[in-house]
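Peer 1: Need a 3D model of the following:
(one chain, ligands or ions: 1)
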Amino acid sequence: MASIILESIFLKRSQQKKKTSPLNFKKRLFLLTESKLSYYEYDFERGRRGSKKGSVDIEKITCVETVVPENNPPPERQVPKKGEDYNMEQISIIERFPYPFQVVYDEGPLYVFSPTEELRKRWIHQLKSVIRYNSDLVQKYHPCFWIDGQYLCCSQTAKNAMGCKILESRNGSLKAGRSHRKTKKPLPPTPEEDTMVMKPLPPEPAPSAAGEMKKVVALYNYVPMNVQDLQLQKGEEYLILEESHLPWWKARWKQGWPGGLPDGCIPLCSRWYSKNITRSQAEQLLKQEGKEGGFIVRDSTSKTGKYTVSVYAKSAVDPQGMIRHYVVCCTPQNQYYLAEKHLFNTIPELITYHQHNSAGLISRLKYPVSRHQKSAPSTAGLGYGSWEIDPKDLTFLKELGTGQFGVVKYGKWRGQYNVAIKMIREGSMSEDEFIDEAKVMMNLSHEKLVQLYGVCTKQRPIFIITEYMANGCLLNFLRETQRRFQPAELLEMCKDVCEAMEYLESKQFLHRDLAARNCLVNDQGIVKVSDFGLSRYVLDDEYTSSMGSKFPVRWSPPEVLLYSKFSSKSDVWSFGVLMWEVYSLGKMPYERFNNSETTEHVIQGLRLYRPQQASERVYAIMYSCWHEKAEERPTFSALLGSIVDITDEEP
Ligand code: ADP
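Peer 2: Below is the predicted model of the structure:
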């Protein structure tokens with residue numbers, strides 16, 4: 001299937017095939033690809049796309065523009081007045097759609113209404129970008145609706161009547177520049193377009209000494225692979241903060257992000273480059289893709305180079321194909337090479353070269369393969385301004401579950417990016433203290449921590465907005481998944497958690513409630529730690545008192561049970577119990593004991609047994625977390641070392 005450039009829920013006006021049929025407006029899921037604009041029913045209950053209701057061929061589109069809003073629209077298409085109080089009911093499913101735009105094609109105008117101005121702008125921008133080579137682009141359009149058989153702007157009655165207003169010059173010049181072309185198909189990309197994810201905008205001056213920043217425009221969509229990355233949206237502009245000879249440049253999305261501007265680390269050539277992919281993951285991805293010349297550039301574990309290029313080629317003998325891993329070597333003069341004769345100053349240049357020349361590799365680098373993940377842009381370095389998110393930018397799509405603080409929903413931010421929204425039940429949390437601390441928590445950013453995106457605190461209930469994790473909580477994932485997990489997969493889960501905890505340890509931030517129920521799994525099966533530090537704000541004696549029925553007794557070391565003494569080392573104890581949960585596929589620790597029996601036994605020195613799936617070495621790691629003396633337990637950093645050692649020794 002063609003890759004989706006944009007995906008949003010809009011209101012669509014019926015196109016009134018018969019003059020007598022009444023106008024109606026329906027919510028539809030719109031998808032934009034290079035070749036089609038399609039719209040579908042949307043099942044809000046399940047958060048799923050329903051049946052297709054129609055589509056427009058991109059090559060038939062002649063104009064995309066805003067429309068002057070109607071005179072007296074009903075509330076759902078009215079722009080909220082400034083200062084108008086936010087009404088929770090209006091957003092409980094999906095908010096208003098006050099911003100109309102038109103997509104004109106051979107059947108006349110299609111009118112679409114966007115929930116926000118920003119989203120309308122983005123769609124118009126993208127649509128204009130995909131239609132830019134169309135041969136029938138018009139120079140005039142109708143700024144107002146066609147309604148009751150005529151255009152409100154010029155009273156012409158034919159739906160296809162020529163426009164009455166000249167488009168702004170930018171579109172005119174685009175048209176003028178291309179109009180000599182007869183073909184309806186876009187030209188194939190030039191080699192440069194084909195190989196660069198971003199290219200400088202033509203009219204911009206070079207990076208200036210005067211503090212002006214260089215701008216680039218993304219030529220491809222790029223979905224972030226980890227929290228340091230910035231999402232690239234094809235056609236959007238980005239400011240380059242720091243250039244480098246490595247494949248990653250520091251950049252910033254020009255339009256900004258909720259509450260401020262995260263300077264993401266950014267993939268100049270991320271289409272080629274995947275951070276944090278292991279050799280076996282690379283092999284799996286390349287085999288899945290099965291394309292001759294598929295390749296992944298990834299961090300190298302070898303001592304001889306920083307990067308490795310993994311390449312796939314079909315094989316006459318092995319139906320699975322063959323894969324070779326080439327370390328990118330670096331000369332003392334900082335030049336890179338794969339094959340000795342060909343030296344390059346940058347990795348992108350090296351890859352561009354090998355896209356055209358195999359020069360000793362099993363195949364040319366034809367097809368970049370990466371992990372795709374549809375998540376909200378990650379927002380590392382969230383310390384910019386306040387992190388208040390405007391609730392009007394949220395669309396609520398599906399209920400995910402209920403936790404300590406109330407209902408958690410899946411939704412979209414600005415109609416496009418997946419988010420999870422925790423709606424904090426009033427009276428369940430000491431809100432003021434949490435809001436103060438939220439700023440600190442938002443600065444915590446690690447690829448194995450569920451990212452906190454922001455908060456909505458101007459209304460009640462308050463919302464906590466986080467990264468969306470499609471596979472839900474780890475405990476259920478372990479219990480419910482039908483297939484058997486390989487020992488390596490179980491260890492990988494523990495490693496994910498340990499990486500997050502090593503990071504929290506380095507920030508001297510305590511989790512205080514680490515357990516499988518507080519970890520989440522994303523669509524890639526990556527486990528991330530959630531709810532860090534939140535337990536301090538719970539208002540529920542049964543949970544906060546170590547004698548309470550909801551206190552996580554089974555995850556607590558003796559010094560917490562006896563003196564409520566929390567430390568990184570009490571998190572380490574909990575991590576050992578979490579490893580045990582993972583290896584016993586979600587069993588309840590000390591299942592035959594109640595809470596007070598568990599406390600008694602732990603204090604007397606009893607420990608959890610070795611789960612069947614855990615090897616002696618794995619059990620030794622979890623067991624080391626349960627040393628009676630906190631100071632004798634390993635640090636997370638040491639634990640991670642032990643886990644990695646086992647990973648490396650497995651085939
Ligand atoms: P609380 O922190 O209020 O106790 P939880 O975090 O346990 O709530 O969330 C309740 C349920 O909602 C979880 O078991 C999980 O299934 C779902 N959930 C919570 N956060 C997310 C998320 N970020 N992505 C996907 N599902 C989530």
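
Peer 1: Could you show which parts of this protein are in contact with the ligand?
Peer 2: Contacts of the chain with the ligand, taken as CB under 6 Å from any ligand atom, map to 400-405, 408, 420, 422, 450, 466-469, 472-473, 520, 530-531. The way it works is simple: take the backbone N, C-alpha and C, and place the C-beta from them, glycine included.

Peer 1: from what I can see Met442 touches Gly454, true?
Peer 2: Yes. Using CB atoms under 8 Å, Met442 is in contact with Gly454, at 7.0 Å.

Peer 1: Which one of the two is surrounded by more residues?
Peer 2: For Met442 versus Gly454, neighbours defined as other CB atoms under 10 Å are more numerous around Gly454 (25 against 22).

Peer 1: Wasn't that one part of a strand?
Peer 2: Yes. Checked against DSSP: H, G, I helix; E, B strand; the rest coil, Gly454 lies within a strand.

Peer 1: Give the bridge partners for it, please.
Peer 2: The partner list for Gly454 in beta bridges (DSSP bridges) reads Ile465.

Peer 1: average model confidence for stretch 452-466?
Peer 2: Averaging pLDDT along stretch 452-466 gives 90.

Peer 1: tell me which residues of it are tucked away?
Peer 2: Neighbour-count burial for stretch 452-466, counted by 16 or more other CB atoms under 10 Å, picks out Leu452, Tyr453, Gly454, Val455, Cys456, Thr457, Pro461, Ile462, Phe463, Ile464, Ile465, Thr466.

Peer 1: hmm, back to that, give me the subset of the residues of the chain next to the ligand that lies in strands.
Peer 2: Residues of the residues of the chain next to the ligand located in strands (DSSP state E): Leu400, Gly401, Thr402, Gly403, Val408, Ala420, Lys422, Thr466, Leu520.

Peer 1: Of the residues you listed, just the buried ones, ChimeraX syntax please.
Peer 2: Listed next is the ChimeraX selection for buried residues among those, using 16+ other CB under 10 Å:
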select :400,403,408,420,422,466,520
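
Peer 1: wait, which of the ones in strands among the residues of the chain next to the ligand is closest to the ligand?
Peer 2: Nearest to the ligand out of these is Gly403 (CB to the nearest ligand atom; 1.8 Å).

Peer 1: which residues touch the closest one?
Peer 2: Applying CB atoms under 8 Å, 6 or more residues apart in numbering to Gly403 gives the contacts Lys422.

Peer 1: re the thing from before, next, format the buried residues of stretch 452-466 as a markdown table and append distance to Tyr543.
Peer 2: Putting the buried residues of stretch 452-466 into a markdown table (distance: CB to CB, whole Å) gives the following:
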| residue | distance to Tyr543 |
| --- | --- |
| Leu452 | 21 |
| Tyr453 | 25 |
| Gly454 | 25 |
| Val455 | 21 |
| Cys456 | 24 |
| Thr457 | 23 |
| Pro461 | 19 |
| Ile462 | 19 |
| Phe463 | 21 |
| Ile464 | 17 |
| Ile465 | 23 |
| Thr466 | 20 |
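
Peer 1: show me where pLDDT drops low in the stretch 51-200 of the chain?
Peer 2: Across the stretch 51-200 of the chain, the ranges flagged by pLDDT under 70 are 80-95, 168-200.

Peer 1: if we go to 90?
Peer 2: Residues of the stretch 51-200 of the chain that meet the criterion pLDDT under 90 lie in 69-98, 106-107, 114-122, 125-126, 128-140, 147-150, 154-200.

Peer 1: All the strands of it, in order from the start?
Peer 2: Ranges of strands in the stretch 51-200 of the chain, per DSSP state E, counting those that start in this stretch, are 63-66, 99-105, 108-114, 140-141, 146-147, 150-151, 165-166, 198-200.

Peer 1: Adding mean neighbour count, write the ones you listed out as JSON lines.
Peer 2: As requested, these are exported to JSON lines (neighbours: other CB atoms under 10 Å):
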{"stretch": "strand 63-66", "mean neighbour count": "22"}
{"stretch": "strand 99-105", "mean neighbour count": "22"}
{"stretch": "strand 108-114", "mean neighbour count": "22"}
{"stretch": "strand 140-141", "mean neighbour count": "17"}
{"stretch": "strand 146-147", "mean neighbour count": "18"}
{"stretch": "strand 150-151", "mean neighbour count": "18"}
{"stretch": "strand 165-166", "mean neighbour count": "13"}
{"stretch": "strand 198-200", "mean neighbour count": "18"}
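
Peer 1: Using JSON lines, lay out these together with distance to Met622.
Peer 2: Shown next, in JSON lines, are the strands of the stretch 51-200 of the chain (distance: least, CB to CB, whole Å):
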{"stretch": "strand 63-66", "distance to Met622": "58"}
{"stretch": "strand 99-105", "distance to Met622": "54"}
{"stretch": "strand 108-114", "distance to Met622": "51"}
{"stretch": "strand 140-141", "distance to Met622": "67"}
{"stretch": "strand 146-147", "distance to Met622": "69"}
{"stretch": "strand 150-151", "distance to Met622": "72"}
{"stretch": "strand 165-166", "distance to Met622": "71"}
{"stretch": "strand 198-200", "distance to Met622": "45"}
